[in-house]
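In: no sequence on this one, just coordinates:
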C-alpha cells in the first residue's frame with residue numbers, strides 16, 4: 001500500500017479489531033477534531049476491523065520506521081527505529097507549527113464507509129499513526145539539546161505528520177533525542193533482513 005508520501009509495508013494484520021477503550025477513544029478524538037461531530041456518534045460508526053501495519057517508508061527522505069507492534073514480532077536482533085519526528089499545525093487561536101517526538105506504537109488503516117456522518121471523508125482511507133509522545137515540551141532537537149524522562153498519553157495523528165525517524169541516547173537517567181533533520185538531512189537507519197514469528201497476524205495483537 002502506498003500514497004504520494006508514504007509506503008506501508010509488512011507485517012500487516014488484516015483482521016485487527018481495536019478493542020482497547022483508550023485506543024478507540026483517541027481514534028474517536030482524531031475524527032472529532034476533523035469532522036466536528038459528536039464523539040459518541042463517531043465511535044458508534046467506526047469500522048470494526050482496522051488493519052494493523054508494522055512498518056512504513058517515508059518517500060521524501062527514505063527513512064524506514066517500524067512500529068512497536070512489528071518490533072515485538074522480530075525473532076532476531078534489530079535496530080530500534082520506532083522513534084519519530086512529527087510536525088503539524090495547531091490551528092487554535094493562531095496557526096502554530098508544532099514539533100514533537102514520540103514512539104510509533106501502531107499504524108492503523110481506517111476505511112470509512114458511505115455513512116453521512118463522515119461528510120467529505122465518505123468512502124476514504126485514513127492512515128492513522130498511534131504515537132506515545134515524548135515529554136519534550138515542544139522543543140526542537142535539531143536546534144538544541146532535548147531530553148525526556150517519560151511518555152505522555154497516546155495520541156492518534158495522520159501518518160503524513162511523521163517527517164523522519166530519529167535516534168535517542170540514554171544519559172543520566174533520561175533519554176536524549178538525536179534529530180538530524182535540519183536542512184532536510186534525515187537521519188539514516190539502515191534496514192536489516194528481518195524474520196517475524198509466523199503468528200504475527202494474530203488477531204490478539206494489541
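Out: Yes, it's here. From a predicted model like this one, the values you see are computed outputs, not experimental measurements.

In: longest helix in the protein, by residue count?
Out: Counting residues, the longest helix found in the chain (DSSP state H) is helix 21-35.

In: Okay, buried residues for that helix please.
Out: Buried positions in helix 21-35, judged by neighbour count with 16 or more other C-beta atoms under 10 Å: 23, 26, 27, 28, 30, 31, 32, 35. Bear in mind the C-beta positions are built from the backbone N, C-alpha and C, glycine included.

In: For stretch 106-114, give the mean pLDDT please.
Out: Stretch 106-114 comes out with an average pLDDT of 97.

In: repeat for stretch 48-55
Out: If you average the pLDDT over stretch 48-55, you get 96.

In: outside of the longest helix of the chain, which residues touch it?
Out: 18, 37-39, 42-43, 46, 108, 110, 117-119, 121, 128, 130, 154-157 (C-beta atoms under 8 Å, 6 or more residues apart in numbering).

In: again, only this time at 7 Å
Out: Contacts to helix 21-35, defined as C-beta atoms under 7 Å, 6 or more residues apart in numbering, come from residues 18, 39, 42, 43, 46, 119, 128, 130, 154, 155, 156.

In: what does the model give the nearest residue to the fourth one once chain neighbours are set aside for pLDDT?
Out: Of all residues beyond its chain neighbours, the one nearest residue 43 is residue 28 (4.4 Å), with distances taken as C-beta to C-beta, 6 or more residues apart in numbering. The predicted local distance difference test score for residue 28 is 97.

In: Beta-bridge partners for the nearest residue to residue 64 once chain neighbours are set aside, please?
Out: Excluding its sequence neighbours, the residue lying closest to residue 64 (C-beta to C-beta, 6+ apart) is residue 57, at 4.9 Å. Legend: beta-bridge partners of residue 57 under DSSP bridges are residue 7, residue 64.

In: pretty sure residue 57 contacts residue 7?
Out: Yes: using C-beta atoms under 7 Å, residue 57 makes contact with residue 7 at a distance of 4.4 Å.

In: what's the burial count for residue 175?
Out: The local packing of residue 175 (other C-beta atoms under 10 Å) involves 19 other residues.

In: hey, what's it bridged with?
Out: Under the criterion used (DSSP bridges), residue 175 bridges to residue 148, residue 170.

In: ok, now residue 13?
Out: Judged by DSSP bridges, the bridge partners of residue 13 are residue 52.

In: one step back: with distance to residue 88 as new columns, can the buried residues of helix 21-35 be given to me in TSV?
Out: Shown next, in TSV, are these (distance: C-beta to C-beta, whole Å):
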residue	distance to residue 88
23	20
26	15
27	17
28	19
30	12
31	16
32	16
35	17
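
In: just to revisit the earlier point, can you pull the contacts of the residue nearest to residue 64?
Out: 6, 7, 9, 64.

In: are any of those buried, and which?
Out: Buried members of the contacts of residue 57, counted by 16+ other C-beta under 10 Å: 6, 9, 64.

In: Phi first, then psi, for the second one.
Out: To tie it back to what came earlier, the one meant is residue 9. phi -120, psi 170 (degrees, to the nearest 10).

In: Residue 66 is in contact with that one, correct?
Out: No: Residue 9 is not in contact with residue 66 according to C-beta under 7 Å; the separation is 9.1 Å.
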